[in-house]
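Participant: below is the structure, and that's it, no one-letter string:
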């Protein structure tokens, strides 16, 4: 699966049941009647808890069919097929893809009928990416950034545009983002994506300046974070910043090699060596 930033996140705002080990014997729940959506959902939910997924699928779909606006069974169907897909080994395993397509369909219905939750948009973007549906990836990443105009959403939108080769929109969105989120722990990711987009449209000198600015921005954010957070260097945010810094240095090294800028190349090599990256 491509490296989408929201990969395998839990969806905020939705309640998904944590499933324990399946019991040795499973008895079908017996509600007083099966003539309401709530009754079908109750049975399906119990099967879901017990990890009897085939039966859960049947009853949850019946509950949803009785009322298209009833989100509870859609939530569990969407998450159930996502989880089952993730359990299948092999990135393009047909069973994995089948579960992802079903999950995508259910999350799409939730997005149309329910609250505009960033977790739903990120899951839809993630599934679009896994299914190689670039049109849907851009659609949901754009919606997410419109409803939640924050650093991670801007990065994901830039990633979506990059996937479809729309480098001009990568430049547009990431330039806006680096101005809006100067103190963000995503600043390295934003600059790195912006610089790569400039390289794609043959603006290597601008890319070089962008990577240089990005490295300085990363150093500034790290320094600021260390002042208030003594454990920052052990955090995922710090690792992401450092990964992006190394990535930008590697891109700069490639540019300096291409244009035979020996002095700049020597400086970048030393920076990489100081960071323990001596390739």
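Facilitator: That came through, no problem. On a predicted model such as this, the values are computed, not experimentally measured, just so you know. Numbers count the residues shown, from 1 in each chain.

Participant: switch to C-alpha atoms for all contacts and neighbour counts from now on
Facilitator: Fine.

Participant: residue 181 contacts residue 189, doesn't it?
Facilitator: No - using Cα atoms under 8 Å, residue 181 is not in contact with residue 189, being 11.4 Å away.

Participant: quick check: buried residues in stretch 208-217?
Facilitator: Neighbour counts over stretch 208-217 (16 or more other Cα atoms under 10 Å) mark 208, 210-215, 217 as buried.

Participant: do the same with stretch 98-109
Facilitator: 98-109.

Participant: out of those residues, which comes closest to residue 256?
Facilitator: residue 100 (42.4 Å; Cα to Cα).

Participant: mind pulling up the pLDDT for that closest one?
Facilitator: Looking at residue 100, its pLDDT is 98.

Participant: what are the ranges of the helices in the stretch 101-250 of the chain?
Facilitator: Under the criterion DSSP state H, counting those that start in this stretch, helices of the stretch 101-250 of the chain are mapped to 118-130, 134-147, 151-163, 167-180, 187-200, 204-228, 236-258.

Participant: looking at the ones you listed, which is closest to residue 42?
Facilitator: For residue 42, the closest of the helices of the stretch 101-250 of the chain is helix 118-130, at 23.4 Å, according to Cα to Cα.

Participant: what angle do helix 134-147 and the closest one make with each other?
Facilitator: Relative orientation of helix 118-130 and helix 134-147, computed by axes from the mean of the first three to the mean of the last three Cα atoms, to 10 degrees: 160 degrees.

Participant: give me the angle between helix 118-130 and helix 151-163.
Facilitator: 20 degrees.

Participant: quick one: mean pLDDT for helix 118-130?
Facilitator: Per-residue scores along helix 118-130 average to 96.

Participant: tell me how many other residues crowd the closest residue to residue 71 other than its chain neighbours.
Facilitator: Spatial nearest neighbour of residue 71, excluding adjacent residues (Cα to Cα, 6 or more residues apart in numbering): residue 110 at 6.6 Å. Residues lying near residue 110 (other Cα atoms under 10 Å) number 22.

Participant: cool, and residue 242?
Facilitator: Neighbours of residue 242 using other Cα under 10 Å come to 20.

Participant: list the buried ones in stretch 240-251?
Facilitator: 240-242, 244-251.

Participant: with neighbour numbers in mind, choose between residue 181 and residue 189.
Facilitator: Shown here are residue 181 and residue 189; by other Cα under 10 Å, residue 189 has more neighbours (28 against 15).

Participant: hmm, residue 242 and the more buried one touching each other?
Facilitator: No - if you go by Cα under 8 Å, residue 189 and residue 242 don't touch, sitting 10.0 Å apart.
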